[in-house]
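S.K.: Need a 3D model of the sequence below.
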Amino acid sequence: MSEIATPKFVRAPTLRRALEGTPWRRFVILAGFALAWELYARWLDNALLLPTLGATLSALWSAILSGELPSRALTSLRVLITGYALGVAVAAVLTTLAALSRWGNEALGLLTSMFNPLPAIALLPIALLWFGVGTPSLIFVIVHSVLWPVALACYGGFLAVPPTLQMAGRNLGLSGGRFVAEILVPAAFPQILSGLRIGWAFAWRTLIAAELVFGVSARSGGIGWFIYTSRAQLETASVFAGLLTVILIGLLVEGVIFRSLTRITVQRWGQVQP
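M.R.: Below is the predicted model of the structure:
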């Protein structure tokens, strides 16, 4: 009896699959950027204008060992998380009211038209007058920077929910907050997640800018204050170390928190491709 020929499948080598993965491509991009930075800084040969990557990493390590940079980073993160949470909470209330009533819809449209184009940093003088130099002023401008992009993203997602899905929720007897929480939010979660990402980035930028302007105080300022004092002392490597810290924290939040949230929600629900 002749043997039945079985098809042979050619599997890509493990090394090739690894090289084609997203982590490898990102590593190559970062390595290329780091190499370009190092070579250009050495060619420029002016540590006051642009320190080398090695000098920057050395300053970063020294600031970490001294405990100053971790302390400044924790201070910034505490303020950032507080302002971000308040901004998201207020955005949730406004978008819920907008989804449930015409008055809420008109109020959200008018408020976003008025305040969304207004840069958060422009509110610093008002924040100083109302709250003084301190954490409440920082939280105030962070809430402003987070509130409007998150509210717009959420409400835009609500408007994109198919009418048939909304009618199905109504037929099930859902109304008010339950209708929003059980029908609109899950259906619009990809847009909501995008708004949360944008709001986080806006909050970071606003916080660092505000700390660069007035900080909190020499003892309790955050990363922005660390960058400002390093610039005043002409320690350019420390300035870049502070900027690198902001970038690393942003990458960590994006790569761990938001990617995990995406994986366990919209990817698991089949709303976006992995």
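S.K.: got a list of what Phe202 touches?
M.R.: For Phe202, the contacting residues are 120, 145-146, 149, by C-beta atoms under 8 Å, 6 or more residues apart in numbering. Placement of C-beta: from N, CA and C, glycine included.
S.K.: Quick check: helices, which of the residues you listed are part of them?
M.R.: 145-146, 149 (DSSP state H).
S.K.: Contacts only, for the residue lying closest to Ala127 once chain neighbours are set aside.
M.R.: Leaving out its chain neighbours, the residue that sits closest to Ala127 by C-beta to C-beta, 6 or more residues apart in numbering is Ser137, at 3.9 Å. When the contact criterion is C-beta under 8 Å, 6+ apart, the partners of Ser137 are 124, 127-128, 130-131, 210, 214.
S.K.: Of those - the most surrounded one?
M.R.: Neighbour counts for the contacts of Ser137, by other C-beta atoms under 10 Å, peak at Ala210, which reaches 27 neighbours.
S.K.: helix or strand for it, which one?
M.R.: helix 189-213 (DSSP states H and E).
S.K.: so after that helix, what's the next helix or strand?
M.R.: Next along from helix 189-213, by DSSP H and E: helix 223-232.
S.K.: what packs against that next one?
M.R.: helix 68-100, helix 189-213, helix 236-252 (3 or more C-beta pairs under 8 Å, 6 or more residues apart in numbering; DSSP states H and E).
S.K.: closest one to Trp269 among these?
M.R.: helix 189-213 (7.7 Å; C-beta to C-beta).
S.K.: Can you give the distance from the closest one to the centre of its chain?
M.R.: Mean-position distance between helix 189-213 and its chain equals 5 Å (C-alpha atoms, centre = their mean, to the nearest Å).
S.K.: Show me what counts as buried in that helix.
M.R.: 189-197, 199-213 (16 or more other C-beta atoms under 10 Å).
S.K.: Please give the element, helix or strand, for the residue lying closest to Leu184 once chain neighbours are set aside.
M.R.: Nearest residue to Leu184, sequence neighbours excluded (C-beta to C-beta, 6+ apart): Phe158, at 4.9 Å. Phe158 is part of helix 135-159, with elements assigned from DSSP H and E.
S.K.: report the angle between the axes of that helix and helix 68-100?
M.R.: Per axes from the mean of the first three to the mean of the last three C-alpha atoms, to 10 degrees, the angle that helix 135-159 makes with helix 68-100 is 40 degrees.
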